[in-house]
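**Q** One predicted model, sequence on top.
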Amino acid sequence: MKEAIFTIGNALGIHARPAAEIAKIASQFESSITLYGNERKANAKSLLMIMSLGVTNGQEFVVSAEGKDEDEAIDALSLLISNNFYED
Amino acid sequence: MKIIGKNVVEGIAIGTVQYIQDSFEELLQEYGVDDPQYEKLKYEKALSEAVMQLKVIVSKAKEANNNEQVQIMEAHLFMLQDPMLDDRINQLIELGESAPKAVMKASDEMANMLGSLEDAYLRERAADVKDVGKRLIRRIFGIEEPKIDREGIILCGEDIEPSLIANLSSDCVSGIIMGNGSSTSHAVIIAKAKGIVTIVGIGTAINDFENGTEVIIDGYEGSLILKPSIEEMKLYQERHEIEKQKKAYYLSLSELPAVTKDGFNVTLAANIGNPKDIDDALKFGCRGVGLYRTEFIFMGKKQLPTEDEQFLAYKYVVEKANGQLCVIRTMDIGGDKPLDYLSIGKEENPFLGWRAIRICLERTDIFITQIKAILRASVYGKVAIMLPMIINFEEIVQAKALIKRASNELTQSSIAHANNVQIGIMVETPAAAIMASVYAKEVDFFSIGTNDLVQYTLAVDRGNQKVSYLYDHFNIAVIHLIAQVSEAAHANGKWVGVCGEMASDPLAVPLFLEMGIDELSMSAPSIPKIKEAIRNCRRDGEILKHVLTLTEASKIREFLSGTILANNINDTIN
């Protein structure tokens, strides 16, 4: 299992578009990927679950992946999140 | 039979009813539940069919270059395949629910979850989840998607799913009637983008509409006529024909300049509220934005919008305006549109109270944040800042100092921003209008907000029925004020625009032209008709001169109608 911690830096938090980006990228990997934030967890392949977390600007959240492509999955998601979902 | 609703997309539509089934209650009651494993198979088959359908819709929308539709339908496709929804449906089936009931329950649950979130955008997604569920249920029951295979169809339903409207060809569907009253649903947004005449909110009467019945929609007054008489039919066919010709003519105007016969050019700009309004405005041929009302960013929220949030909204409009000027008006909030997080308190006279620039000069934190967002967005195009509710010279000086401070702070933090934005004021109080020749020295432009100027000059509340007859922008006092403001601006080498409702009144066009008003800003659908009025006009100064000698608003209207008519007849003869 591999984990990474992030702080959301884009203005609007994980709203619909970033949630869709996360789900799209997560869906490309075999590993099961989970987001932990706001004291809840969400399947990172589910747009609906990610949106329901309601993570906002400045909040921390954890991405955890488990499976044979877990390293690649974490790398791909890190790139997306550390670039603030390419919003600015 | 005439039924009244709410108009959302204007126009006349004539056709026959095609009722869209939206409720599955009866079917669900009759449905016999199989073993969970068979119910699961039914669900899986329906799912793969629905995925196929949506993929076809998305690729068609891509071909048609309809971006808004592509985005909405891609989101549907994504939700349809969402693991959370899928897990819940399977779980419910295992617990003994039928496939359609499980889909309905699961999609309702997800919709409720999204509906309870704070973010307005996410709340709207609730309707999309329900939509996706309905599509699945129709596939399980084997209900065909409504066949749109003849011309002149009027779609009728309590609610009509956006996906269904997205998939329509406007060649076949002439109109849409919905029982539900929402005028901001996704279905309505798509209908607007497609230009399909639509009315909503006619209530449950819609469930008695029979397929094939003749119906006329009057999308101007928001009514419909079921089973029209021969006379009604004839009347509306004539109106429909005239409308078609007019539309074609207006469309041909959108590329043409707004220039009078004697060569005077006027900028026709759009008034917008939501950033997305710019998309539609461009279709009507607007040249930039003359009034961007930023209030909406501040409303319907639990706390003040952040600088980044505002920056994104402004940047969107500025980029779309494609190099044309965007006049962004700073927050114009007051006691009539109270905000939870800004304790304005209850005021006896909100229109004469703590509002707009008065709030901004006291709560400089709010103002500086907004200005920073505007200055950052200015990097992406051409921007002007407009200050509302100015009465005193010192207000302009103070606001300009704060703008300078915001700019300096951005420079210190090395954040990209523009330094050369124009700064102007709304002229909407008699005080600003009377002092225009002095204030003109301190600003780059004026924009005359006629709605408030009329209200404050005449001391009339237009919402009060006993006095609303006095509210008239052709009141001679108002016309004198506007003429003075225009003269004061030009004497100081500054430009002047009009951004109130009066700017979209064709009768007022000859007056504005003879005053030399440089820019008229209005809600975008009015642009073609005003452009037509401008292109028909020849200026000789006589109209304004005569109007300024009159005293009665009704006489002014009469005179202006007469001159416009005479002008048109002369042109036909020559």
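**A** Yes, it's here. Numbers count the residues shown, from 1 in each chain, chains lettered A, B, ... in the order given.
**Q** what about the residue nearest the centre of chain A, distance to residue A:50?
**A** The centroid of chain A falls nearest to residue A:22 when counting by C-alpha atoms, centre = their mean (5.2 Å). Going from residue A:22 to residue A:50 by C-beta to C-beta, to the nearest Å gives 6 Å. In this view, the C-beta of every residue, glycine as well, is placed from N, C-alpha and C.
**Q** Report the closest residue of the stretch 51-200 of chain B relative to chain A.
**A** Closest contact between the stretch 51-200 of chain B and chain A, by C-beta to the nearest C-beta, is at residue B:84 (4.0 Å).
**Q** Test for you: state the pLDDT assigned to that residue.
**A** Note for residue B:84: predicted pLDDT of 89.
**Q** Please identify the helix or strand for it.
**A** Assessed by DSSP states H and E, residue B:84 sits inside helix B:83-94.
**Q** Can you list the buried residues in that helix?
**A** Under the neighbour-count criterion of 16 or more other C-beta atoms under 10 Å in any protein chain shown, helix B:83-94 has B:83-86, B:88-90, B:92-93 buried.
**Q** For it, name the packing helices and strands.
**A** helix A:47-53, helix B:36-63, helix B:99-115 (3 or more C-beta pairs under 8 Å, 6 or more residues apart in numbering or on different chains; DSSP states H and E).
**Q** centroid residue for chain B?
**A** Nearest residue to the geometric centre of chain B (C-alpha atoms, centre = their mean): residue B:277, 5.4 Å.
**Q** State the pLDDT value of it.
**A** If you check residue B:277, the pLDDT there is 81.
**Q** show me the residues around residue 34 that make contact.
**A** No chain specified, so I'll use chain A. By C-beta atoms under 8 Å, 6 or more residues apart in numbering or on different chains, the residues touching residue A:34 are A:41-44, A:63-65.
**Q** wait, chain B
**A** By C-beta under 8 Å, 6+ apart, the contact list for residue B:34 reads B:42, B:98.
**Q** ok, it to residue A:34 distance?
**A** For residue B:34 relative to residue A:34 (C-beta to C-beta), the value is 34 Å.
**Q** What of residue B:234?
**A** Distance from residue B:234 to residue A:34, by C-beta to C-beta: 66 Å.
**Q** and if you look at residue B:567?
**A** Distance of residue B:567 to residue A:34, computed by C-beta to C-beta: 72 Å.
**Q** same thing with residue B:17?
**A** Taken as C-beta to C-beta, the span from residue B:17 to residue A:34 is 50 Å.
**Q** same deal with residue B:455?
**A** In terms of C-beta to C-beta, residue B:455 sits 57 Å off from residue A:34.
**Q** Following the chain past the helix or strand containing residue B:404, name the next helix or strand.
**A** Following DSSP H and E, one finds residue B:404 within helix B:393-412. Note on helix B:393-412: by DSSP H and E, the next helix or strand toward the C-terminus is strand B:422-427.
**Q** how far is that next one from where the chain is centred?
**A** Put simply, strand B:422-427 sits 24 Å off its chain's centre (C-alpha atoms, centre = their mean, to the nearest Å).
**Q** Any chance you could give me it in PDB, C-alpha atoms only?
**A** Provided in PDB are the C-alpha atoms of strand B:422-427 (Å, rounded to 0.1, in the frame of the first residue of the first chain):
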ATOM      1  CA  GLN B 422      -9.800  52.600 -16.900                       C
ATOM      2  CA  ILE B 423     -11.700  53.800 -13.900                       C
ATOM      3  CA  GLY B 424     -15.200  55.200 -14.300                       C
ATOM      4  CA  ILE B 425     -18.400  55.800 -12.300                       C
ATOM      5  CA  MET B 426     -22.000  55.000 -12.700                       C
ATOM      6  CA  VAL B 427     -24.100  58.100 -13.000                       C
END
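**Q** For the helix or strand following that strand, the averaged confidence score.
**A** Next in sequence after strand B:422-427, counting helices and strands by DSSP H and E, comes helix B:430-434. The average pLDDT within helix B:430-434 is 98.
**Q** re earlier: can I get the helices and strands packed on helix B:83-94 in JSON lines including mean neighbour count, distance to residue B:486 and mean pLDDT?
**A** Output for these, formatted as JSON lines (neighbours: other C-beta atoms under 10 Å in any protein chain shown; distance: least, C-beta to C-beta, whole Å; pLDDT from 0 to 100):
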{"stretch": "helix A:47-53", "mean neighbour count": "24", "distance to residue B:486": "51", "mean pLDDT": "83"}
{"stretch": "helix B:36-63", "mean neighbour count": "16", "distance to residue B:486": "47", "mean pLDDT": "91"}
{"stretch": "helix B:99-115", "mean neighbour count": "21", "distance to residue B:486": "50", "mean pLDDT": "90"}
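**Q** right, and those helices - which one's nearest residue B:557?
**A** The closest of the helices and strands packed on helix B:83-94 to residue B:557 is helix B:36-63. By C-beta to C-beta, the value is 46.6 Å.
**Q** does chain A sit close to that closest one?
**A** No: Helix B:36-63 stays clear of chain A (C-beta under 8 Å from any C-beta of the partner chain), getting no nearer than 13.9 Å.
**Q** Check which helices and strands that helix sits against.
**A** If you count contacts as 3+ C-beta pairs under 8 Å, 6+ apart, helix B:36-63 packs onto helix B:67-80, helix B:83-94, helix B:99-115, helix B:120-141, helix B:162-166.
**Q** related to what we said a few turns ago, flag every buried residue along the helix or strand in which the residue nearest to the centre of chain A is found.
**A** Assigned by DSSP H and E, residue A:22 falls within helix A:16-27. Neighbour-count burial for helix A:16-27 flags A:16-23, A:25-26 (criterion: 16+ other C-beta under 10 Å).
**Q** Could you dump the residues you listed into CSV with distance to residue B:475 added?
**A** Supplementary listing: these in CSV, determined by distance: C-beta to C-beta, whole Å:
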residue, distance to residue B:475
A:16, 48
A:17, 49
A:18, 52
A:19, 53
A:20, 53
A:21, 55
A:22, 58
A:23, 58
A:25, 61
A:26, 63
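**Q** wait, which of those is closest to residue B:228?
**A** residue A:16 (43.3 Å).
**Q** pLDDT at the closest one, what is it?
**A** Each residue has a pLDDT score; the one for residue A:16 is 65.
**Q** Doesn't residue B:317 lie inside a helix?
**A** Yes: under DSSP: H, G, I helix; E, B strand; the rest coil, residue B:317 sits within a helix.
**Q** OK, contacts around it?
**A** Residue B:317 is in contact with B:272, B:275, B:278, B:289, B:292, B:326, B:328, B:377, counting by C-beta under 8 Å, 6+ apart.
**Q** do you know how far the fourth one is from residue B:345?
**A** In this case it means residue B:289. With distances taken as C-beta to C-beta, residue B:289 is found 33 Å from residue B:345.
**Q** Likewise for the first one?
**A** If you measure residue B:272 against residue B:345 using C-beta to C-beta, the figure is 30 Å.
**Q** before we move on, the earlier item: check the helices and strands packed on helix B:36-63 for me: which has the lowest mean pLDDT.
**A** Among the helices and strands packed on helix B:36-63, helix B:162-166 scores lowest, at a mean of 72.
**Q** Show me what secondary structure element comes after it.
**A** Following helix B:162-166 in sequence, per DSSP H and E, is strand B:173-178.
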